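Colleague: Predicted model and sequence follow; I will ask about them next.
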Amino acid sequence: MFSIKRRVEQLFLNDYTKAQKRHAEAEGSGAQEPTLCIPPQGNSTVTGVGVSTASDLGDARLPVVDYNNISQIPNILTKFPAIYLANHGLPPAPFEYARTLLTLPESAKAKLRDPKKSTVCGYNNAKASGREWWDYNPSQDILGPPNNEEFKEYTTKFFNKSIEILHNICRQFNLKEQLIPQEVFDEAGFSTMRYLRYSPDVIDEGTENETSGVAYNSVLNSRRDGDDGEALPHIEAHTDLDILTLITATEPSGLYVWNRRGQVVSAPPIDGTVLVMAGDLMPFFTSKPGMSPLEQHEGVEAIGEETVLPTAHTVVVPRNAGERYSVAVFLRPRRDMVLDKRVVARGGKEVNEETAFWWLATEKLHVEGRKCFLATAL
Ligand SMILES: O=C(O)CCC(=O)C(=O)O
Ligand SMILES: [Fe+2]
């Protein structure tokens, strides 16, 4: 019987193999088999004061970095897809508040939806994925549980402190030269915080599954031939549309990230730490000088040794493992922040072309399958 991690690897490698084949066909050469190499065990990969590797993470590991050593994070994020941050000084994660809100009766949760149907504000769910979530969006009135001032206060406090930490990490990228624009620090931006619940109870059973007579894939609910598994609570593999993400979760573990070599790394919660991952904007800030990773510009040519790639990640909650709660804070600039500016020739004329952050969101809607921008090995 395969472990969840092995299944995630297989899913990834299936797609990876297909992508390789497509690529090879286009190039007119034979497809290469992907290799699954596991990095060496132990502390050999990252050294330095306050930086160690977590000891119980299975095959591939993620480093634990002390908050006093955050100046090392930019370099570490070029080598590892995520880091555990220790001694961060955050108050205890608001899992109980997440539970209070997300286990309200359906009718009460329906009242916490954004009137404009935003998927980044208020209550939302993806029943077929066994997942529901609620977003705190500081630019809007909090759509929290009624008559619960404590909820509001704690949620705001945890969010503000998390943003302070993420800003501090961003400042480390600017020690030698300003890679991350000043407005990220000076302006409120479009940062949000999400409370998530993954539970078999959320899964809307008996819909397509029964009527179509086709079974769901046991890992990602996607239908695959010869698979008679049942659906597991999950979130599809994706990268986050932000600068950095701070995540903390309850057991059971279920979060997996991919490293640059396409290996799946388990990222279970570790007491006293939070996980920090890179978002879609990091390659724009850390690309080779003067180059842009946008496909219509330099594309992958702009990715160098010092470029931080967005962290592809997925959550799959093991069967019979119970509920999982997580809290994710997304650091984002203003929607209209300019990511790339250049003069291009159009219709015989030279015109100024600007690419704003929110344009990436619309572009991402066209990415098929996994919502990964510039993701590992693809
Ligand atoms: O629940 C988690 O740990 C991850 C959630 C996530 O990736 C997201 O909401 O973007
Ligand atoms: Fe995410």
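Modeller: Now that the structure is in, tell me what you want to look at. Ligands and ions are numbered 1, 2, ... in the order given.
Colleague: could you show me where the helices are in the protein, in order?
Modeller: Listed in chain order, the helices of the chain (DSSP state H) span residues 4-27, 73-79, 95-102, 106-110, 149-172, 183-186, 208-212, 282-286, 357-364.
Colleague: Comparing those by mean pLDDT, which bottoms out?
Modeller: Ranked by mean pLDDT, the helices of the chain end with helix 208-212 at the bottom, a mean of 41.
Colleague: can you give me the strands for the stretch 201-350 of the chain?
Modeller: Applying DSSP state E, counting those that start in this stretch to the stretch 201-350 of the chain gives strands spanning 234-238, 244-249, 255-258, 264-266, 273-278, 313-316, 324-331, 338-346, 349-356.
Colleague: I'd like the ones you listed laid out as JSON lines, including mean neighbour count, distance to ligand 1 and mean pLDDT.
Modeller: Where C-beta positions appear, they are placed from N, C-alpha and C, glycine not excepted. Below are the strands of the stretch 201-350 of the chain laid out as JSON lines (neighbours: other Cβ atoms under 10 Å; distance: least, Cβ to the nearest ligand atom, whole Å; pLDDT from 0 to 100):
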{"stretch": "strand 234-238", "mean neighbour count": "21", "distance to ligand 1": "5", "mean pLDDT": "92"}
{"stretch": "strand 244-249", "mean neighbour count": "25", "distance to ligand 1": "5", "mean pLDDT": "98"}
{"stretch": "strand 255-258", "mean neighbour count": "23", "distance to ligand 1": "5", "mean pLDDT": "96"}
{"stretch": "strand 264-266", "mean neighbour count": "24", "distance to ligand 1": "12", "mean pLDDT": "94"}
{"stretch": "strand 273-278", "mean neighbour count": "24", "distance to ligand 1": "8", "mean pLDDT": "98"}
{"stretch": "strand 313-316", "mean neighbour count": "24", "distance to ligand 1": "5", "mean pLDDT": "95"}
{"stretch": "strand 324-331", "mean neighbour count": "24", "distance to ligand 1": "3", "mean pLDDT": "98"}
{"stretch": "strand 338-346", "mean neighbour count": "12", "distance to ligand 1": "20", "mean pLDDT": "89"}
{"stretch": "strand 349-356", "mean neighbour count": "12", "distance to ligand 1": "21", "mean pLDDT": "92"}
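Colleague: For residue 144, which of those is the nearest?
Modeller: With Cβ to Cβ as the criterion, residue 144 lies closest to strand 324-331 of the strands of the stretch 201-350 of the chain, at 14.3 Å.
Colleague: quick one: the closest one to strand 244-249, angle?
Modeller: Here the directions of strand 324-331 and strand 244-249 differ by 160 degrees (axes from the mean of the first three to the mean of the last three Cα atoms, to 10 degrees).
Colleague: Does anything pack onto strand 324-331? Which helices or strands?
Modeller: helix 95-102, helix 149-172, strand 192-198, strand 244-249 (3 or more Cβ pairs under 8 Å, 6 or more residues apart in numbering; DSSP states H and E).
Colleague: tell me the most buried of the ones you listed?
Modeller: Comparing the helices and strands packed on strand 324-331 on average neighbours per residue, with mean count of other Cβ atoms under 10 Å, the densest one is strand 244-249 at a mean of 25.
Colleague: circling back to that earlier point, looking at the strands of the stretch 201-350 of the chain, spot the one closest to residue 158.
Modeller: strand 324-331 (7.2 Å).
Colleague: mind checking how far that closest one is from the chain centre?
Modeller: For strand 324-331, the separation from the chain centroid amounts to 10 Å (computed by Cα atoms, centre = their mean, to the nearest Å).
Colleague: now the angle between helix 95-102 and it, please.
Modeller: Computed with the same axes, to 10 degrees, the direction of strand 324-331 lies at 100 degrees from that of helix 95-102.
Colleague: Compute the inter-axis angle for strand 324-331 and strand 273-278.
Modeller: On the basis of the same axes, to 10 degrees, strand 324-331 is oriented at 50 degrees to strand 273-278.
Colleague: now strand 324-331 against strand 192-198, angle please.
Modeller: Counting by the same axes, to 10 degrees, strand 324-331 points 160 degrees away from the direction of strand 192-198.
Colleague: partner strands of strand 324-331, parallel or antiparallel?
Modeller: Using DSSP bridges, the neighbouring strands of strand 324-331 in the sheet come out as strand 192-198 (antiparallel), strand 244-249 (antiparallel).
Colleague: Tell me the residues of the chain that contact ligand 1?
Modeller: 194, 196, 235, 240, 247, 249, 255, 313, 315, 326, 328 (Cβ under 6 Å from any ligand atom).
Colleague: wait, the third one sits on residue 312?
Modeller: No. When contacts are counted by Cβ atoms under 8 Å, residue 235 is not listed as touching residue 312 (11.8 Å).
Colleague: what separates residue 87 from residue 81, distance-wise?
Modeller: In this structure, residue 87 lies at 21 Å from residue 81, with Cβ to Cβ, to the nearest Å as the measure.
Colleague: Please say which of the two ends up with more neighbours.
Modeller: More neighbours surround residue 81 than the other of residue 87 and residue 81, with 23 against 14 (other Cβ atoms under 10 Å).
Colleague: Would you check that that one makes contact with residue 263?
Modeller: No. With contact defined as Cβ under 8 Å, residue 81 does not count as touching residue 263 (9.2 Å).
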